[in-house]
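Enquirer: Sequence and predicted structure are below.
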Amino acid sequence: MFEKSKLKKEIKKAKNNIENLEKKRTRSQAALVEAILTQKTPDDGDVEYFNRFTELIEAERNKMHALMKELDNL
């Protein structure tokens, strides 16, 4: 029983982390879209920032899915 509540808490924390990372990624995402629309080369910093946060988001999602699978198996 304790294990289930612990997993649910960790899943909720992972969801919140994903939301926060997505918010942080939004600025670089907007800059990339603007560069595409104006047919300019995007700033390397914006590209790196976007890629880094995308990696962090994917890692957090994978962690969350593993936790959800573990919860389902209990």
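Expert: On my side now, so go ahead.
Enquirer: what's the helix or strand for Asn20?
Expert: Assessed by DSSP states H and E, Asn20 sits inside helix 2-37.
Enquirer: any idea of the mean pLDDT in the helix or strand following that helix?
Expert: Using DSSP H and E, the helix or strand that directly follows helix 2-37 along the chain is helix 44-73. Averaged across helix 44-73, pLDDT comes to 95.
Enquirer: Give me the neighbour count for Phe50.
Expert: 19 (other Cβ atoms under 10 Å). In short, each C-beta sits where N, CA and C put it, glycine included.
Enquirer: pretty sure it contacts Arg27?
Expert: No - if you go by Cβ atoms under 8 Å, Phe50 and Arg27 don't touch, sitting 9.1 Å apart.
Enquirer: Distance check, Asn62 against Ile36.
Expert: Distance, Asn62 to Ile36, by Cβ to Cβ, to the nearest Å: 28 Å.
Enquirer: Kindly report the same for Ile11.
Expert: 35 Å.
Enquirer: out of these two, which sits in the busier spot?
Expert: Taking other Cβ under 10 Å, Ile11 and Ile36 do not tie; Ile11 has more neighbours (18 against 10).
Enquirer: Contact partners for the spatially most central residue of the chain?
Expert: The centre of the chain sits closest to Ile57, judged by Cα atoms, centre = their mean, with a distance of 2.1 Å. Counting by Cβ atoms under 8 Å, 6 or more residues apart in numbering, Ile57 touches Ile18, Leu21, Glu22, Arg25.
Enquirer: ok, now with 6 Å
Expert: Residues in contact with Ile57 (Cβ atoms under 6 Å, 6 or more residues apart in numbering) are Ile18, Leu21.
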